[in-house]
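Engineer: Give me the fold of what follows.
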Amino acid sequence: MYWNEHRPPHFHAYYQGNEAAYDLEGNLLNGAMPRKQERLIVAWVELHYEELLANWELAENDDEPYRIDPLR
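Structural biologist: Take a look at the predicted model:
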């Protein structure tokens, strides 16, 4: 998540040369990701939705977002 970016609230995901942007509900905005990784990203968003919203609010106020743990 970049805090100097534009709306809508979103984050970027990277995997083995693939890049995609997702909104905070896990919907693909642009780019592409292998199907398995996309399912993992959507699951991660569901687990961390509140943290993502809080981070976006921090970002809009020019504060650095907190790190959100990956799936393990």
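
Engineer: Point out where the chain drops to low pLDDT.
Structural biologist: 1-6 (pLDDT under 70).

Engineer: tell me the centre residue of it?
Structural biologist: Centroid-nearest residue in the chain, with C-alpha atoms, centre = their mean: residue 11, separated by 3.2 Å.

Engineer: Now it: which helix or strand?
Structural biologist: Using DSSP states H and E, residue 11 sits within strand 10-15.

Engineer: What is the burial count for the closest residue to residue 38 other than its chain neighbours?
Structural biologist: Nearest residue to residue 38 in three dimensions, chain neighbours excluded: residue 28, at 7.2 Å (C-beta to C-beta, 6 or more residues apart in numbering). Just so you know, the C-beta spots here come from the backbone N, C-alpha and C atoms, and that holds for glycine as well. Here the count is done by other C-beta atoms under 10 Å, and residue 28 has 15 residues near it.

Engineer: Please apply the same query to residue 46.
Structural biologist: Applying other C-beta under 10 Å, I find that residue 46 has 10 neighbouring residues.

Engineer: Show me what the helix or strand encompassing it is packed up against.
Structural biologist: Secondary structure from DSSP H and E places residue 46 in helix 35-60. Contact here means 3 or more C-beta pairs under 8 Å, 6 or more residues apart in numbering; DSSP states H and E; on that basis helix 35-60 packs against strand 10-15, strand 18-23.

Engineer: at 10 Å what do you get?
Structural biologist: The contact analysis (3 or more C-beta pairs under 10 Å, 6 or more residues apart in numbering; DSSP states H and E) places helix 35-60 against strand 10-15, strand 18-23, strand 28-31.

Engineer: list the buried ones in it?
Structural biologist: 37, 38, 40, 41, 44, 45, 48, 51, 52, 55, 56, 59 (16 or more other C-beta atoms under 10 Å).

Engineer: Show me how far it is from its chain's centre.
Structural biologist: 5 Å (C-alpha atoms, centre = their mean, to the nearest Å).
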